[in-house]
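S.K.: have a look; sequence and predicted model below, questions after that.
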Amino acid sequence: MTTAALPGVERFAALFEGERRGLPGGGLTWLDSARKAACEAFRAQGLPTIKTEGWRFTSAEALLKPEFVLAERPRTRGGFGRRALCPIVFHRIVVQNGKVQPDGDGSVYSNLPAGVSVKSLAEVLSEDPESLQKPLLQAFDKNGLPFAALAEAMFGGGIVVRIARHARLDKPLAILFDSGDSESGTPQMVHLRVLILLEEGATAEIVEESVGSGETRFWTNLLTQVVLGEGASLKHYRLLREGERGVQTSSTFVEAGRSARYESHVFNFGGEFSRSDLRVRLAQDGAECALSGLSLLRGREIVDHHTVVEHACVGSTTRQLYKAVIDGKARFVFDGLADVRPGAQKTDAWVYNKNLLLSEDSAVRTNPEFKILADDVSCKHGGTIGQLSSEALFYLRSRGVGADEARRMLVYAFGSEMIERVGLMPLREALAASLQARMPEASEGGL
Amino acid sequence: MLTIKDLHAKVGDKAILKGLSLTVKPGEVHAIMGPNGSGKSTLSYVLAGRDGYEITGGAAEFEGQDLLAMEPEVRAREGVFLAFQYPVEIPGVSNKYFLKAAYNAGRKHRGEPEMDAGAFLKFVKEKAKFVEMDPAFLNRSVNEGFSGGEKKRNEILQLAVLEPRLAILDETDSGLDIDALKIVAGGINKMRDSRRSFILVTHYQRLLDYVVPDFIHVLSGGRIVKSGGKELAFQLEKEGYAWLEPGRPGP
């Protein structure tokens, strides 16, 4: 059946109806009904337009034309290690065009310590589906996140990472989403789910890296759930290095238990459009999160970054700092909310966003905010938009540093603060090199 | 070395330099003194090539070349150095990295090979000793969180590293206590030789007690109104700048 004639949201619904029996876990009653309910939630919300709350700057409806089809097998295979920034010494699981590559075929993840399991979601759904019933059915607020609902309905695969009580991942795990050209050249899409489940006292460092390698338009729609037990600690990195035709929508839900710590670092180093929604719930006393990121945008790239941290317990802490460098005709949106619930006393929350505009045609919209329903809290927030300091530029030039080099030094200095927060040394070095390589070109001669 | 002829410059609609002429020969130290608003800082910035100043007349030649036609970085690589009255803080750029980039830009310009990081570190540590600066400052961001004295000392460190042929020091003594002033002046004196020239721009005569100039010029209303030897400084110290105002008798 062809779906091309249908309006946006119905096209997806029809596609879901046609595909659903063949999706992973198809035939499991509990999963089938959850997928159906999610599809209804997606239909009820529709494709966001600029009139949709929280989507005022990007029309997803326009972005997702023409029609995307479910991703095909890539034309070329392999080469994963070369495309990724993640050092090859990490554990690595590769998802190419939505398909999890088996161990030894680009992926290297079988040699894991006791208590750590990394598996393809489809594999677990065929071998031991009941073990995923609880996390996959865990309710989350999809309001305003139609693509989270779409991923919940349509997911064609994904990854499950489980770390048992007090176990630790001995070295970082890299999950590489690699998108390549298809034979047909038709825009491709994948819908994936990632589950990261850390039991009490478990620790891990996980890097999700998206790399686009093709000419074909490619849309990756990710739904990630993180559950941290008491005292568990996760350092979660996300690197976006999509091709100029790469689109990513990601929804990440984090539930942090007592004294658990969630740390997130997001680096946007390329892609046509990235919309990310990160929702952290500090559910039990003493939970904390530190969220940071750096976006370096040029051309007509768009990053639309939204965070919500819900402080639902006593004594929880948030530190948020996102920076963006915007060149060319690129656009950056930051919406960061700290939502302090009634009774969440002793909450300590910071939400900051700092932006550097490099061209007249670039644009930024920043909105760090609080909703505070407790009275004994310490909250700070701020958003800044600036340009390169002409004084600093002249100072550097007056010492012999060329104008272009001086601009690059100042941009690098602005961004490097975020890279220095990365504790993983080999990754930090790779990020620093990547930042250098993406230094502004369009601004030369400008300003 | 430097020949300025009948230089006119304005900022916006306001004329600041109104026919300034000055000749500096190799090895000479010239002090330019004058009241606030006389055009001292403008002269410094115009010579270093800062944006925002419009040259409306006259010329400035450095070693026979048209200085005013060069980009600021080319002036620096050719050997012109400006020590800033208010050195700029640059968070995120380490002092060491900045100095190396500046030093190697000059070497490249002269067709010399660039110095690698290891050799440069050794070189710059020697220079830090020369201006009595703790090498820990090399790892800090340029001027960030430095005290007034530390910033000025950092300017002299850059002077020592870049070894310019002409150094213009804009109010280098301002904001310094006596100990810092002695260190800064000591650094300048150690840099003096028969080929390097200095222009000391200063409101007060205090710096000139420690760095003794060959010539002193008084700048007023955008022109040099009086020139003399070092004794002129004492006269200015005693009588101030009030005699420059119209209708007052000169010294």
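M.R.: Here it is on my side, so go on.

S.K.: tell me which element the residue of the stretch 1-150 of chain B found nearest chain A falls in.
M.R.: Closest to chain A within the stretch 1-150 of chain B is B:G92: 2.8 Å, counting by Cβ to the nearest Cβ. Backbone N, C-alpha and C define where each C-beta goes, glycine included. Element membership for B:G92 (DSSP states H and E) is strand B:90-94.

S.K.: sheet-wise, list the partners of that strand with their directions.
M.R.: Applying DSSP bridges, strand B:90-94 is found paired with strand B:141-142 (antiparallel).

S.K.: can you list contacts of the partner strand?
M.R.: Strand B:141-142 has contacts (Cβ atoms under 8 Å, 6 or more residues apart in numbering or on different chains) with A:A413, B:V88, B:E89, B:I90, B:P91, B:G92, B:V93, B:S94, B:N95, B:F98, B:N154.

S.K.: just say helix, strand or coil for the last one.
M.R.: Same thing as B:N154. Put simply, B:N154 is helix when judged by DSSP: H, G, I helix; E, B strand; the rest coil.

S.K.: my guess is it contacts B:F98, does it?
M.R.: No: contact criterion Cβ atoms under 8 Å: B:N154 and B:F98 do not qualify, at 9.9 Å.

S.K.: contacting residues for residue 28?
M.R.: Reading this off chain A. Shown in contact with A:L28 (Cβ under 8 Å, 6+ apart): A:L125, A:P129.

S.K.: my question was about chain B
M.R.: B:M1, B:S197, B:F198, B:D214, B:F215.

S.K.: format those residues as JSON lines; extra columns: distance to chain A and neighbour count.
M.R.: Output for those, formatted as JSON lines (distance: Cβ to the nearest Cβ, whole Å; neighbours: other Cβ atoms under 10 Å in any protein chain shown):
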{"residue": "B:M1", "distance to chain A": "18", "neighbour count": "18"}
{"residue": "B:S197", "distance to chain A": "17", "neighbour count": "23"}
{"residue": "B:F198", "distance to chain A": "16", "neighbour count": "24"}
{"residue": "B:D214", "distance to chain A": "25", "neighbour count": "15"}
{"residue": "B:F215", "distance to chain A": "25", "neighbour count": "19"}
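
S.K.: which of those fall within helices?
M.R.: Among the contacts of B:E28, DSSP state H puts none in helices.

S.K.: past the host helix or strand of A:D335, which element shows up next along the chain?
M.R.: Per DSSP H and E, A:D335 falls inside strand A:331-340. Where DSSP H and E defines the elements, the next helix or strand beyond strand A:331-340 is strand A:348-357.

S.K.: beta-bridge partners for the residue in the stretch 151-300 of chain A positioned nearest to chain B, please?
M.R.: Closest contact between the stretch 151-300 of chain A and chain B, by Cβ to the nearest Cβ, is at A:L294 (12.3 Å). Note on A:L294: beta-bridge partners A:F267, A:K323, judged by DSSP bridges.

S.K.: could you report the neighbour count for it?
M.R.: Neighbourhood size, A:L294 [other Cβ atoms under 10 Å in any protein chain shown]: 24.

S.K.: dump the residue contacts of it.
M.R.: A:L294 touches A:V266, A:F267, A:N268, A:Y322, A:K323, A:A324, A:V325, A:G415, A:M418, A:I419, A:L435, counting by Cβ under 8 Å, 6+ apart.

S.K.: show me which of those residues has the smallest pLDDT value.
M.R.: The member of the contacts of A:L294 with the lowest pLDDT is A:L435, at 88.

S.K.: that residue against A:M418, yeah?
M.R.: No: here A:L435 lies out of contact with A:M418, judged by Cβ under 8 Å, at a distance of 9.0 Å.

S.K.: mind putting the contacts of B:E28 in JSON lines, pLDDT included?
M.R.: Formatted as JSON lines, those follow (pLDDT from 0 to 100):
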{"residue": "B:M1", "pLDDT": "92"}
{"residue": "B:S197", "pLDDT": "96"}
{"residue": "B:F198", "pLDDT": "96"}
{"residue": "B:D214", "pLDDT": "95"}
{"residue": "B:F215", "pLDDT": "96"}
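
S.K.: looking at those residues, which one is closest to A:T49?
M.R.: B:F198 (66.3 Å; Cβ to Cβ).

S.K.: for that closest one, give me its contacts.
M.R.: With Cβ under 8 Å, 6+ apart, B:F198 has these contacts: B:E28, B:V29, B:H30, B:L166, B:A167, B:I168, B:L169, B:I188, B:R192, B:V211, B:P213.

S.K.: tell me the pLDDT of the closest residue to the fifth one other than its chain neighbours.
M.R.: The spatial neighbour of B:A167 that comes closest, neighbours along the chain excluded (Cβ to Cβ, 6 or more residues apart in numbering or on different chains), is B:F81 at 4.6 Å. For B:F81, the pLDDT comes out at 97.

S.K.: and B:F81, what is it in contact with?
M.R.: A:S398, A:R399, B:Q158, B:L159, B:L162, B:P164, B:L166, B:A167, B:I168.

S.K.: which of the contacts of strand B:141-142 are buried?
M.R.: A:A413, B:V88, B:E89, B:I90, B:G92, B:V93, B:S94, B:N95, B:F98, B:N154 (16 or more other Cβ atoms under 10 Å in any protein chain shown).

S.K.: would you turn those residues into JSON lines with pLDDT and distance to A:T224?
M.R.: Shown next, in JSON lines, are the buried ones among the contacts of strand B:141-142 (pLDDT from 0 to 100; distance: Cβ to Cβ, whole Å):
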{"residue": "A:A413", "pLDDT": "92", "distance to A:T224": "32"}
{"residue": "B:V88", "pLDDT": "96", "distance to A:T224": "43"}
{"residue": "B:E89", "pLDDT": "95", "distance to A:T224": "40"}
{"residue": "B:I90", "pLDDT": "94", "distance to A:T224": "38"}
{"residue": "B:G92", "pLDDT": "89", "distance to A:T224": "31"}
{"residue": "B:V93", "pLDDT": "91", "distance to A:T224": "36"}
{"residue": "B:S94", "pLDDT": "92", "distance to A:T224": "36"}
{"residue": "B:N95", "pLDDT": "94", "distance to A:T224": "42"}
{"residue": "B:F98", "pLDDT": "96", "distance to A:T224": "41"}
{"residue": "B:N154", "pLDDT": "94", "distance to A:T224": "47"}
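
S.K.: A:R300: which of those is nearest?
M.R.: A:A413 (25.8 Å).

S.K.: you'd agree the closest one is up against B:Y97?
M.R.: No: shown here, A:A413 and B:Y97 do not form a contact pair, counting by Cβ under 8 Å, at 9.4 Å.

S.K.: output the lowest mean pLDDT helix or strand found in the chain.
M.R.: Unless you meant another one, I'm taking chain A. Of all regular secondary-structure elements in chain A, judged by mean pLDDT, DSSP states H and E, the least confident is helix A:80-83 with a mean of 68.

S.K.: right, and the helix or strand after that helix?
M.R.: Criterion used, DSSP H and E; the element after helix A:80-83 is strand A:91-96.

S.K.: give me the buried positions along that next one.
M.R.: Residues A:H91, A:R92, A:I93, A:V94, A:V95, A:Q96 are the ones in strand A:91-96 that count as buried (16+ other Cβ under 10 Å).

S.K.: now the last one. Nearest residue, chain neighbours left out?
M.R.: Same thing as A:Q96. Once flanking residues are discounted, A:Q96 sits nearest to A:D178: 4.6 Å by Cβ to Cβ, 6+ apart.

S.K.: got the phi and psi for that neighbour?
M.R.: phi -110, psi 120 (degrees, to the nearest 10).

S.K.: neighbours of it, how many?
M.R.: Neighbour number of A:D178 under other Cβ under 10 Å is 27.

S.K.: wait, it sits on A:E208?
M.R.: No: taking Cβ under 8 Å as the definition, A:D178 is not a contact partner of A:E208, at 11.8 Å.

S.K.: can you give me the helices in the stretch 101-250 of chain A?
M.R.: A:121-127, A:133-137, A:146-154 (DSSP state H, counting those that start in this stretch).

S.K.: tell me which of these sits most buried.
M.R.: Using mean count of other Cβ atoms under 10 Å in any protein chain shown, the stretch among the helices of the stretch 101-250 of chain A with the greatest mean number of neighbours is helix A:146-154 (a mean of 26).
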